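**Q** sequence first, then the predicted structure, then my questions.
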Amino acid sequence: MLDKNEENVEKNELKSTEKVDVTPNENELVENIKTENVEVVSKEEEKTTSKNEEIVDETSKAVIEVKDSLVEKEEKEIAKEKDESATVYSKLTLEALVLSLKEIIADNPAQKIKTQVETVKTAFNQKFGALIAEKKAAFLADGGNVIDFQFSSPIKAEYNSLLADYKKQRDAHYNDLDKQLNDNLEKRVAVIESLKSLIDEADATTMYKNFKEIQDTWRTIGAVPKVYYNDTWKIYHHHVERFYDLLHLSNDFRDLEFKHNLEEKLNIIKQAEALAKEPDVNYASKELQELHKIWKEDIGPVAKELREEIWHKFSLATKTIHDKRHEYFKEMRSKYQDITNKKLEIIALVDAYDTSKNKSHNDWQKSINDIETLRQQYFNVGKLPYSKSEEVWQKFKGATKKFNSSKNTFYKEEKSSQQDNLEKKIALIELAESLRESEDWEKATNTLKKVQADWKKIGHVPRKFSDDIWKRFKAACNHYFDRFHEQKNSASKEEQAVAIAKKEFLEVLKEAKETTKETVLESIKAWRSLGKLPSNARHLEGKFNKQIDRMLESLSLDKNEISMLKFTNVVDGYAAEKDTRRLDSEQIYVRKKIDEIMKEMQQLENNLGFFSNAKADNPLVVNVRNKVNDFKEDLLTWKEKLQYLKKLDY
């Protein structure tokens, strides 16, 4: 495969991140869930399950309380950023507001920009209303009749079109989300029906095994519409109770399951009690929320005589955590001057940020990421009351505006060369397409490799053409190389002999009694020396790799060394087979892993900023630093893998 070398060269102005609470619309996809798909619970059954329903309700309340407390702070931050954005947008022209709206819609998922869009709408409607009032006043002053007044504006038409696009994207997202939720609801109803059938059939030889499979299936199904959540959960657990009642005929099964569930719930209680001692109340609350979910969703009932007791223990731990969190926020007082000083320090860094050495798109991407990191730090420092935040916020916007001005100047100049790059890439596409059906394998292969190399050297093209020309170019190259590999991998007698020899070698390798690093390397070398496998025997390569992995795992070597040996064995196999597609895919994967690790490290290092006043032996600080060190070790290994791939001649 080819590395995609196209990137968007335009970035929007740095904007604050918002989160929007989504409540999907419900339809009548499974309108009979309360009638056709649910058995009527008798009065006697209601008595036996009433306690469980109380537990369900209490658990739901506990989870909701945790969620509400966790989002409280976030909602306040969103409100603050909305106020800040409103102030900024109120100072923009109509044209600038439309441009901002266009960038917001183009660069963000529709479901995440409600606050920003509403803020822009408010500012635009106020300004446009004022403009209409001004035009109308002038019209009347010139002697016009009020009923004859008309005013239209191209900027208003563009604004309306953007809003229509946004609403279309937003509706499409929620329609997809609604469909997924209702699909999940149908799946859960089907599971309930399966459970009912299992109970009705009561086949003692298979019902316990089938019951466990039904439980596993239930746990893998995603969220359902809110309006049906409690009903489906209660119905499902009602039939679970019926199943356990049925197991009275087989006390061993029932008692075994009750015992297992008791152990799981006691473990949950133990974790909750440990969280009650956790100094980080936000962390404890989030973890408690997950424990409540596991308690409710993943673990079945225990013996009836123990249910109230263990729920009481869990409730006590939950209450302790809630009380600590409420006390924490009650006692917490913001130190506004300290927050202001920290924000001003960040503003100074943004203002002093040097972009004079930026010469390429990649240079600017790095700078954009740097400024984004500072922007995140600015917001993560803490909140200020609106009366104190406005002046600081304007300074921050001024500093970022200076950076954005330099960035925009670069990209305006960059656009002038993009059309030339587009023409060059189209010429390469046409050349690649002319070789799609070529059978002059040597000449065509060399030409296409050069074309691919030339493609990578050409700069960016206009963003609206980027994906289309990349897909067209990739399709032409892949078509040729698929044909090339197909003819090259046609099984010959010689290749079949290689397959037989390698199969025999693999059997001998499996019986090897002694394993050392040297014997592993010698085995790899011997395997390669046997020759290339035909396409119909490629599976032997996978078996060989697994055997080598097992041999390496048995050695007392550093995990990174083992990882590197496994990696070199696999990619050397690809290289021996001249499988450029897999080598390209491997390189893409390695680069992706490097990026992911670097982002994780950056996030953890940012998190350390929250503990600047903490002691060095603080468990959380130590834990984060240990994770950073682990990531650094992993990063070295992945970079070594990338260098190894680059050195391969393919």
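**A** Done, it's in. Numbering: from 1, shown residues only.
**Q** helices or strands up against the strand or helix carrying residue 430?
**A** Using DSSP states H and E, residue 430 maps to helix 386-434. For helix 386-434, the elements it packs on are helix 43-89, helix 336-351, helix 361-380, helix 441-457, helix 463-488, judged by 3 or more CB pairs under 8 Å, 6 or more residues apart in numbering; DSSP states H and E. Just so you know, the C-beta spots here come from the backbone N, C-alpha and C atoms, and that holds for glycine as well.
**Q** and if we set it to 6 Å?
**A** With contacts taken as 3 or more CB pairs under 6 Å, 6 or more residues apart in numbering; DSSP states H and E, helix 386-434 sits against helix 336-351, helix 441-457, helix 463-488.
**Q** now mean pLDDT too, for those helices, in CSV please.
**A** Output for the helices and strands packed on helix 386-434, formatted as CSV (pLDDT from 0 to 100):
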stretch, mean pLDDT
helix 336-351, 89
helix 441-457, 93
helix 463-488, 90
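**Q** which stretch among those comes nearest residue 170?
**A** Nearest to residue 170, of all these, is helix 463-488, at 22.2 Å by CB to CB.
**Q** which residues sit against stretch 437-457?
**A** Stretch 437-457 is contacted by residues 5, 428, 431-432, 435 when judged by CB atoms under 6 Å, 6 or more residues apart in numbering.
**Q** let's see 7 Å
**A** 2, 5, 425, 428, 431-432, 435, 473, 477, 480, 484 (CB atoms under 7 Å, 6 or more residues apart in numbering).
**Q** residue 502 - how many residues pack around it?
**A** Neighbour count for residue 502, taken as other CB atoms under 10 Å: 22.
**Q** residues in contact with the strand or helix carrying it?
**A** Secondary structure from DSSP H and E places residue 502 in helix 493-510. Here helix 493-510 makes contact (CB under 7 Å, 6+ apart) with 523, 526-527, 530-534, 537, 540, 543-544, 547.
**Q** one more: stretch 623-640?
**A** Applying CB under 7 Å, 6+ apart, the set of residues contacting stretch 623-640 is 560, 563-564, 590, 593-594, 597-598, 600-601, 604-605, 607-608.
**Q** check stretch 532-541 too.
**A** 489, 491, 495-496, 498-499, 502-503, 506, 573, 576-577.
**Q** before we move on, back to that, for residue 211, find the nearest of the helices and strands packed on helix 386-434.
**A** helix 463-488 (47.7 Å).
**Q** still on that earlier bit, can you put the contacts of helix 493-510 in a markdown table and add secondary structure?
**A** As requested, the contacts of helix 493-510 are arranged in a markdown table below (DSSP: H, G, I helix; E, B strand; the rest coil):
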| residue | secondary structure |
| --- | --- |
| 523 | helix |
| 526 | helix |
| 527 | helix |
| 530 | coil |
| 531 | coil |
| 532 | coil |
| 533 | coil |
| 534 | coil |
| 537 | helix |
| 540 | helix |
| 543 | helix |
| 544 | helix |
| 547 | helix |
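**Q** what's the closest of these to residue 207?
**A** For the contacts of helix 493-510, the nearest to residue 207 is residue 543 (38.7 Å; CB to CB).
**Q** buried sites along the helix holding residue 502?
**A** 495, 498-499, 502, 505-506, 509 (16 or more other CB atoms under 10 Å).
**Q** what's the answer for stretch 397-411, then?
**A** 397, 399-400, 403-404, 407, 410.
**Q** and for the chain, the residue most distant from the center?
**A** Here the centre of the chain is the reference, and by CA atoms, centre = their mean the most remote residue is residue 143, at 61.5 Å.
**Q** per-residue pLDDT, it?
**A** pLDDT recorded at residue 143 is 80.
**Q** that one: what secondary structure?
**A** Looking at residue 143 with three-state DSSP, the answer is coil.
**Q** which intervals of the stretch 151-300 of the chain have sub-threshold pLDDT?
**A** 248-253 (pLDDT under 70).
**Q** sorry, back to before: and the two most separated of the contacts of stretch 532-541?
**A** Once CB to CB is applied, those give 489 and 506 as the farthest pair, at 19.9 Å.
**Q** thinking again about what came up before, how far off centre is the helix holding residue 502?
**A** 43 Å (CA atoms, centre = their mean, to the nearest Å).
**Q** likewise stretch 465-481?
**A** On CA atoms, centre = their mean, the centre of stretch 465-481 falls 27 Å from that of its chain.
**Q** now do stretch 413-421
**A** For stretch 413-421, the distance to the chain centre is 33 Å (CA atoms, centre = their mean).
**Q** quick one: average pLDDT of it?
**A** Rounded mean pLDDT across stretch 413-421 is 82.
**Q** export it as CSV, just CAs?
**A** Coordinates of each C-alpha in stretch 413-421 appear next as CSV, following Å, rounded to 0.1, in the frame of the first residue of the first chain:
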residue,chain,number,x,y,z
GLU,A,413,1.2,32.2,-0.2
GLU,A,414,1.1,28.4,-0.1
LYS,A,415,-2.1,28.3,-2.1
SER,A,416,-0.4,29.9,-5.1
SER,A,417,1.6,26.7,-5.7
GLN,A,418,-1.1,24.3,-5.0
GLN,A,419,-2.6,24.4,-8.4
ASP,A,420,0.7,23.6,-10.0
ASN,A,421,1.0,20.6,-7.6
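**Q** can you give me the neighbour number for residue 628?
**A** 17.
**Q** what's the spacing between it and residue 635?
**A** From residue 628 over to residue 635 the distance is 10 Å, taken as CB to CB, to the nearest Å.
**Q** repeat that for residue 259.
**A** 45 Å.
**Q** please say which of the two ends up with more neighbours.
**A** Neighbours of residue 259 and residue 635, each counted by other CB under 10 Å, are more numerous for residue 635; the result is 16 against 12.
**Q** for the more buried one, give its distance to residue 257.
**A** Distance from residue 635 to residue 257, by CB to CB: 45 Å.
**Q** okay, residue 84: pLDDT?
**A** So residue 84 comes in at 52 (pLDDT).
**Q** how about the contacts made by the spatially closest residue to residue 378 that is not a sequence neighbour?
**A** Excluding the flanking residues, the one nearest residue 378 by CB to CB, 6 or more residues apart in numbering is residue 346, at 4.8 Å. By CB under 7 Å, 6+ apart, the contact set of residue 346 is 374, 377-378.
**Q** closest to residue 96 out of those?
**A** residue 378 (22.7 Å).
**Q** show me where the stretch 151-300 of the chain has helices.
**A** Along the stretch 151-300 of the chain, the segments classed as helices by DSSP state H, counting those that start in this stretch run 154-201, 207-220, 226-246, 251-275, 281-297.
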